[in-house]
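Chemist: Need the 3D shape of this:
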Amino acid sequence: LRLSSPSSSGFASVYTEKVIKSQKSANDVRQNYSLAYMQVQLASVSLCIMAPWAIIKDFGPIIENGLFHNFNVAAFVSVLNSALGGLTVAAVLKFADAVLKGYATAISVVLTGVLSMFFFGTELNVFYVLGMFNVVISILMYSSKTLYK
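Modeler: Predicted structure coming up:
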């Protein structure tokens with residue numbers, strides 16, 4: 001059971017990369033569209049799903065107060081963060097391979113732990129520090145060109 005999660009995650013990553021890269025060569029029309037344009041297409045689909053739901057659930061308050069009632073700076077920052085995160089994920093899916101995506105995930109876990117230690121006072125145990133060294137050493141080994149000579 002403990003191996004099923006990383007195994008299925010790794011399989012999903014490699015399979016997604018295979019599908020994206022095989023469609024890239026098979027469909028030249030799609031290559032003319034930018035990454036932002038494809039994100040707008042996906043957002044339009046979610047808008048078509050969520051707009052009727054908002055009308056069904058909150059029609060009265062939307063008409064009474066407006067659609068952006070209580071939409072403050074924190075909400076704007078949250079929306080901006082989600083948008084930039086979506087564009088980042090799309091760029092990673094388009095330009096990186098499965099190994100680099102795995103390393104990016106590992107680095108994000110390490111940085112989250114370190115930042116949590118500084119900002120929230122989280123104590124990192126020995127296993128976390130060993131894991132951090134493991135990630136850093138594996139990235140250095142992967143990016144080293146002298147290993148292949």
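Chemist: Can you work out which other helices and strands pack against the longest helix along the chain?
Modeler: The helix spanning the most residues in the chain, taking DSSP state H as the definition, is helix 35-65. Applying 3 or more CB pairs under 8 Å, 6 or more residues apart in numbering; DSSP states H and E, one finds that helix 35-65 contacts helix 73-95. To be clear about C-beta, it is placed using only N, CA and C from the backbone, and glycine gets the same treatment.
Chemist: just to revisit the earlier point, tilt between the longest helix of the chain and helix 73-95?
Modeler: 160 degrees (axes from the mean of the first three to the mean of the last three CA atoms, to 10 degrees).
Chemist: Mind checking the pLDDT average for helix 35-65?
Modeler: Mean pLDDT, helix 35-65: 84.
Chemist: ok, then the element right after the strand or helix carrying Val114?
Modeler: Taking DSSP states H and E as the criterion, Val114 maps to helix 98-120. Later in the chain than helix 98-120, the nearest helix or strand by DSSP H and E is helix 126-143.
Chemist: what angle sits between that next one and helix 98-120?
Modeler: Going by the same axes, to 10 degrees, helix 126-143 makes 140 degrees with helix 98-120.
Chemist: Could you tell me which residues within helix 126-143 count as buried?
Modeler: 131-132, 135, 139 (16 or more other CB atoms under 10 Å).
Chemist: want to try TSV for those, with pLDDT as columns?
Modeler: Shown next, in TSV, are the buried residues of helix 126-143 (pLDDT from 0 to 100):
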residue	pLDDT
Gly131	87
Met132	86
Val135	84
Ile139	79
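Chemist: now those residues in TSV, with distance to Cys48?
Modeler: Output for the buried residues of helix 126-143, formatted as TSV (distance: CB to CB, whole Å):
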residue	distance to Cys48
Gly131	43
Met132	44
Val135	41
Ile139	41
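Chemist: which of these lies closest to Gly121?
Modeler: Met132 (17.8 Å; CB to CB).
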